[in-house]
Structures are given as C-alpha cells and as structure tokens.
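Chemist: Mind folding the following:
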Amino acid sequence: MEVRWSPEAADDLERIVVRVRQDNPQAARRIADTIYQRCADLTLFPNRGRRGRVAGTRELVLAPLPFIVVYRVKADAVEIVHIYHGAQNWLRTCSRLLSAAHSCPILSRRTVTGLSAIT
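Modeler: Next up, the predicted model:
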C-alpha cells in the first residue's frame, strides 16, 4: 500500500508550514515532519482515523496538533485529500473536491513537504 497526496493536500501542508515558519522555523520543520509521518503511517493502519463526515472518507486527528487529515482508503493506496485546521469550516470544500471523483497522484516526500523550499 502506498500514500498518494492530492495536489490540494500538498498545498494545504505547504500553507501550514509557511505560516508557522513566519513565527518559528524549527517548529515548522517539526510540524511538516509530523504531518508527513502520521500520513505515511496510514499505510500500516489505514483505518486508524475515525469515519469521515463526508461519505467514503476517514479523518485522522493529529493531536496535539490542531489539524485533521481527510483521506480515502483504496485497495492499493491511502489517498490524502486535504489537511484542515480543526477550527476551519471545511466540510463544504471537501465534499466538492470528493465529488470531482479524481484519483490522487503519487507525490514524493520532497514534493509534498517541499523541504527545500519550506524549511
């Protein structure tokens, strides 16, 4: 099983890290690594997250971070759809993205975390 990131999820991670980096570059790196690793761990335990509020999804709460990873479990992959701050009203946006019924590309760690550009 592999992890596939939607371009939207990769953009979400980049926005999170860029924002945190403004205040604390070291924390930004730790957050990027934590989010990426927790998503990678889904290959071993794909049903770890709770059942999603959008049909066909699951939600991984990244406590103690305030973020929620919305993902889908497929036969051969876990598809990361979006990453949201827990305080966001994201349900409508996520529903719209999922209704497009597209498949997520496989993005490398370097692409997803943008380590050269972000941290």
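Chemist: Count the residues that sit near the nearest residue to Ala40 once chain neighbours are set aside.
Modeler: Of all residues not flanking Ala40 in the chain, Val3 sits nearest, at 5.7 Å (Cβ to Cβ, 6 or more residues apart in numbering). All C-beta atoms are positioned from the backbone trio N, CA, C, and that covers glycine. Residues lying near Val3 (other Cβ atoms under 10 Å) number 21.
Chemist: name the helices or strands packed onto the lengthiest strand in the chain?
Modeler: Longest strand of the chain, by residue count under DSSP state E: strand 77-85. In terms of contacts (3 or more Cβ pairs under 8 Å, 6 or more residues apart in numbering; DSSP states H and E), strand 77-85 is packed against strand 2-5, helix 7-23, helix 25-40, strand 67-73, helix 91-99.
Chemist: Show me what counts as buried in that strand.
Modeler: Within strand 77-85, the residues that count as buried by 16 or more other Cβ atoms under 10 Å are 77-84.
Chemist: quick one: the residue of the chain positioned farthest from its centre from Arg58, how far?
Modeler: Using Cα atoms, centre = their mean, the residue of the chain lying farthest from its centre is Asp23. It sits 21.7 Å away. Asp23 sits 31 Å away from Arg58, taking Cβ to Cβ, to the nearest Å as the criterion.
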